[in-house]
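> Please find the sequence and the predicted model below.
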Amino acid sequence: MADKEERKIVIPGETIVSGDEYLPGEGTEKNGQDIIALKYGLAEEQNKLIKLIPLSGKFSPRRGNVVIGKVEELTFNGWVIDIGTPERAFLSLMEVPRFVNKDALEEVMAVGDIAVLKIWSINKRGIDLSLKARGLGKIGEGLIVEVNPNKVPRIIGKEGSMIKLIKDETGCNITVGQNGLVWIKGEKVEDELLAKKAILFIEENSFVSGLTEEVTQWFGKNNGKGNTAEDKE
């Protein structure tokens, strides 16, 4: 793995690299001089740190994750939200950035509404959510796309490079939930559908090396703004 951009698919127990100079990162462990994969996924190296991007599995919630969830139930002091976890996820009245009358919770969100939220605590009771940050709140118009939660890092890209590419090509606002739900909002339905197709293309090809270049070429073939003479024939 001399090239830090190179990624390879590994299976649990496989030796990714060997050498004292390498350090185990997320999804790996060190056994003697070997860095071993703990999951099925894409192994990559950054400054001698070996980490693994899982390609399958369920969402593992962490404090600080931005997620997209659906209101399941209203209680006397907040909302029960489905974010795709076995644990109960709850948004308290105290975590809404404005005063809410306990008798008027539906004015903020009703059962079936979808929102962008942040996980601020995980404890024995479950997951505590918040709306107290920029970009959080109830979702109105637009599309929701569901992807494998473990493909989210590929959809976002290094330092947000991949999601920026999709935004630039489609003109859509896109919010990626760490739980595998993506909200797309564009000026036209056609733009939203193009962004959705691009996201699903990335999910299907997440194992490909040089994926950003592949997606750029994909847009050249699928985006009206980037059609070549060959595409128009």
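Arrived safely, thanks for sending. Numbering: from 1, shown residues only.
> Name whatever forms a beta bridge with V145.
V182 (DSSP bridges).
> cool, and A89?
Taking DSSP bridges as the rule, A89 bridges to I81, I127.
> Go ahead and confirm I174 touches I184.
Yes. In terms of Cβ atoms under 8 Å, I174 counts as a neighbour of I184; the distance is 5.4 Å. Backbone N, C-alpha and C define where each C-beta goes, glycine included.
> List the residues that are in contact with both of these two.
A195 (Cβ atoms under 8 Å, 6 or more residues apart in numbering).
> Map the structural domains onto the sequence of this protein.
7-54, 66-138, 143-223 (automatic domain parsing).
> Let me know the distance separating the nearest residue to L74 once chain neighbours are set aside from G177.
Distances taken as Cβ to Cβ, 6 or more residues apart in numbering put L105 closest to L74, at 5.0 Å, once the chain neighbours are dropped. If you measure L105 against G177 using Cβ to Cβ, to the nearest Å, the figure is 22 Å.
> Have a look at those two and say which one is more surrounded.
Shown here are L105 and G177; by other Cβ atoms under 10 Å, G177 has more neighbours (23 against 19).
> nearest residue to the more buried one other than its sequence neighbours?
Closest to G177 by Cβ to Cβ, 6+ apart is I68, at 3.6 Å.
> Tell me where the chain has helices.
152-156, 161-170, 189-204, 211-222, 229-232 (DSSP state H).
> Pick the most deeply packed of these.
With neighbours taken as mean count of other Cβ atoms under 10 Å, the helices of the chain reach their highest mean count in helix 152-156, at a mean of 21.
> Can you pull out the residues in contact with that helix?
42, 53, 147, 162-163, 176-178, 180, 182, 199, 202-203, 206, 211.
> got it, and stretch 114-130?
Against stretch 114-130 from outside (Cβ under 8 Å, 6+ apart): 61-71, 81, 83, 85, 87-92, 95, 109, 131-133, 135-139, 144, 175, 177, 183.
> With stretch 133-144 instead?
With contact meaning Cβ under 8 Å, 6+ apart, stretch 133-144 is reached by 66, 68, 108-109, 113-118, 130-131, 175, 181-186, 192-193, 195-196.
> at 6 Å what do you get?
For stretch 133-144, contacts defined as Cβ atoms under 6 Å, 6 or more residues apart in numbering pick out 109, 113-118, 131, 181, 183-185, 192, 196.
> Out of those, who's the most crowded?
L117 (28 neighbours).
> Would you check how far apart that one and N148 are?
Distance from L117 to N148, by Cβ to Cβ: 20 Å.
> Great, nothing more from me.
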